[in-house]
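Colleague: mind looking at a prediction? Sequence and model below.
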Amino acid sequence: MKNSTQYLLISLATFIIGYIYLRFAYTSTEDIPFVQEIVLVVLGTIVTIAITAALLNKQSEVEIEKEQRVKIFDLKSNLYFDLIEFIESILKKSEITEKDLITLEFLTHKISVIANLDVLKAYSDFTRVFKETTLDSKINALESDAISSELARLCGAIRYDLINKEDETSLKVQKIIDHNIQNIIEEGPVKK
């Protein structure tokens, strides 16, 4: 951005100096109309080139910024879904191993690099609940429900990190997410 501003200032200075020179050339050639027309053509060409260069420069900046946002979005979404799938695998086997703890530790490092403040706060709450419920390496139904409830809150924060925030609906969506998880937890195991 700083380079483009410098480029724009240099272009503007060159254009102003060029315009002054061509204006001087135009007024000094009042007796020769053909030369005046050539000066006007040159002036028009310079203006067209300057405007085109500025537009292309701005368009390039916007495209680069867009590509960066897309890459960050992909990185975040992949990492968040990896975390959710990892927690799912732990809850399915109802236990946590040393290998799982190491994987969770490195997922935590990755999340700390790319997550926004709301996700980091929610993730901190999640890891606290996760640690409290997995002290004995076994995960019972109540502990699984507690982890799932806290993961739902984390998913709400993740949703807002990935999708533009709408302040009016953010609380409503979080309540719906919590309600959905509570409905699943309250139903308990499926009876055959």
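Modeller: It's in. Keep in mind that this is a model prediction, so the values were computed, not measured. Numbers count the residues shown, from 1 in each chain.

Colleague: show me what contacts the residue of the chain positioned farthest from its centre?
Modeller: Centroid-distance maximum for the chain: D31 at 61.8 Å, with C-alpha atoms, centre = their mean. With contacts defined as C-beta atoms under 8 Å, 6 or more residues apart in numbering, D31 has no neighbours. Any C-beta I mention is one placed from the backbone N, CA and C, and that applies to glycine too.

Colleague: that one: what secondary structure?
Modeller: Taking DSSP: H, G, I helix; E, B strand; the rest coil as the rule, one finds D31 in the coil state.

Colleague: pLDDT below threshold where in the protein?
Modeller: Filtered on pLDDT under 70, the chain yields the residue ranges 1-2, 4, 164-174, 177-179, 183-192.

Colleague: okay, helices next: where are they in it?
Modeller: Along the chain, counting by DSSP state H, helices occupy 2-28, 33-93, 98-114, 117-133, 141-162, 167-187.

Colleague: can you put those helices in CSV and add mean neighbour count?
Modeller: Converted to CSV, the helices of the chain look like this (neighbours: other C-beta atoms under 10 Å):
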stretch, mean neighbour count
helix 2-28, 12
helix 33-93, 13
helix 98-114, 13
helix 117-133, 17
helix 141-162, 19
helix 167-187, 12
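
Colleague: mind listing what the residue nearest to V35 when sequence neighbours are not counted touches?
Modeller: Nearest residue to V35, sequence neighbours excluded (C-beta to C-beta, 6 or more residues apart in numbering): T29, at 4.3 Å. Contacts for T29 (C-beta under 8 Å, 6+ apart) come out as 35-36, 39.
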